[in-house]
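Peer 1: Just to be clear, the model below is a prediction. Sequence and coordinates:
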Amino acid sequence: MKAVKNAVSPDSSFKEFNIDIMYDSDTYERAREKLKKAEMETDVNTTDAEADLTEKRKRIPTTRYDTSDSEGWPSPPKKACVSPDRTVKIVHNDKSKEKGTKDMLPRSPVVIPPKSVIGSTSKTTLFSAIEGERRKDKTPTSGPSATDLKILLLLEELKNEAKLHTKLLLKLGRQTEKQISIPSLPEGITFPISNLSQMENIEEKLADEEVVNSLTANLCLVGGDSVESNVRRVMSHTLSQEVALEYNWVGKGAKKAFEKLRLKKVILDAVRGSRQGSTNNEIEKTMKEWLRYAKDREGGRRKRMTKKLQQQREENENAM
């Protein structure tokens, strides 16, 4: 072997043998690497480039772990460091391979849900019930807190107030039922007043307080969009055009004073009852304007304009 290792050239002293050349190499080390392979195989020829390649790494089977519970996991085995000159043989236990690693892991505790939520399709309800069962086991029972007592007191007060409001509503409902009936005009009174004789008759009847109250309630139903509108509607409802032309507010000239009539007070009370917050001043102001412009209503202004134009035409004719 020394002669081979030292690459000694053969001479006449060397014996001759019949051999099969399976592989040749320029170095003794590479030829030595093929020795073990030559004992098992007949073809060991490889190129120098293939010989330079690093021996393939042996695969080590990975161990699988159960991810159902993160607590109590065994630490993964450390990889064995294999030097290039040595071969390490790793032996796996067949029993652990058959049973798996689940037996090595601790099992998580099983929580049985209460019967009230078994079969429920809501996950939130199930989780809430389970959490409630856990809390019952952990926290001891205790009396109501200060906040709970305060809430109970507030609820009791609200309950009493609700009872009081119910009684008031029932009482108002009974009163409203009595007032629903529309008051009719007193006997012997009709609107609008068409002449001065009828006005005098009504003034006599208004000396009775019951007649005043009944007539006021009836005129409250006339209504209007505003105080001014309400006053004009009531005045037009009670007085005809002929009677309105006979009155002004203070009785100036040949006309009678509307301010002194009992009917004026009835109209004031009716408008105040219909329009809350209205004053006598604004109501009387609208009544004065309504009486002042009575002659312009129902074509009165057109008649006056026509009469005035006719007078001017006659004067022009006379002047010519």
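Peer 2: Cool, the structure landed.
Peer 1: Quick check: which ranges of the stretch 1-150 of the chain have low pLDDT?
Peer 2: For the stretch 1-150 of the chain, the stretches with pLDDT under 70 are 1, 41-57, 63-143.
Peer 1: Likewise for the stretch 201-320 of the chain?
Peer 2: Applying pLDDT under 70 to the stretch 201-320 of the chain picks out residues 300.
Peer 1: residue ranges of the strands in it, please?
Peer 2: 247-248, 256-257 (DSSP state E, counting those that start in this stretch).
Peer 1: ok, the last one: who's next to it in the sheet?
Peer 2: According to DSSP bridges, strand 256-257 has the following sheet partners: strand 247-248 (parallel).
Peer 1: quick one: contacts of the strand it pairs with?
Peer 2: 239, 255-258, 291-292 (Cβ atoms under 8 Å, 6 or more residues apart in numbering). Where you see a C-beta, it was placed from the backbone N, CA and C, and this is true even at glycine.
Peer 1: Please tabulate the strands of the stretch 201-320 of the chain in a markdown table and include distance to Lys307 and mean neighbour count as additional columns.
Peer 2: As requested, those are arranged in a markdown table below (distance: least, Cβ to Cβ, whole Å; neighbours: other Cβ atoms under 10 Å):
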| stretch | distance to Lys307 | mean neighbour count |
| --- | --- | --- |
| strand 247-248 | 21 | 19 |
| strand 256-257 | 25 | 14 |
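Peer 1: Mind putting these into CSV with distance to Glu200?
Peer 2: Listed next are the strands of the stretch 201-320 of the chain as CSV, based on distance: least, Cβ to Cβ, whole Å:
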stretch, distance to Glu200
strand 247-248, 13
strand 256-257, 11
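Peer 1: hmm, back to that, just the ones in helices from the contacts of strand 247-248, please.
Peer 2: 291-292 (DSSP state H).
Peer 1: Go through the strands of the stretch 201-320 of the chain and name the closest to Lys303.
Peer 2: strand 247-248 (19.4 Å; Cβ to Cβ).
Peer 1: how about the helices in the protein?
Peer 2: Going by DSSP H, the chain shows helices at 2-5, 28-33, 35-40, 48-52, 94-99, 123-138, 146-179, 196-205, 209-220, 227-238, 241-244, 262-274, 280-292, 300-319.
Peer 1: of the ones you listed, which approaches Arg59 most closely?
Peer 2: With Cβ to Cβ as the measure, helix 94-99 is the member of the helices of the chain nearest Arg59 (15.5 Å).
Peer 1: sorry, back to before: would JSON lines of the helices of the chain with mean neighbour count be doable?
Peer 2: Output for these, formatted as JSON lines (neighbours: other Cβ atoms under 10 Å):
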{"stretch": "helix 2-5", "mean neighbour count": "9"}
{"stretch": "helix 28-33", "mean neighbour count": "14"}
{"stretch": "helix 35-40", "mean neighbour count": "10"}
{"stretch": "helix 48-52", "mean neighbour count": "9"}
{"stretch": "helix 94-99", "mean neighbour count": "9"}
{"stretch": "helix 123-138", "mean neighbour count": "12"}
{"stretch": "helix 146-179", "mean neighbour count": "10"}
{"stretch": "helix 196-205", "mean neighbour count": "14"}
{"stretch": "helix 209-220", "mean neighbour count": "17"}
{"stretch": "helix 227-238", "mean neighbour count": "20"}
{"stretch": "helix 241-244", "mean neighbour count": "18"}
{"stretch": "helix 262-274", "mean neighbour count": "19"}
{"stretch": "helix 280-292", "mean neighbour count": "16"}
{"stretch": "helix 300-319", "mean neighbour count": "10"}
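Peer 1: Sounds good, over and out.
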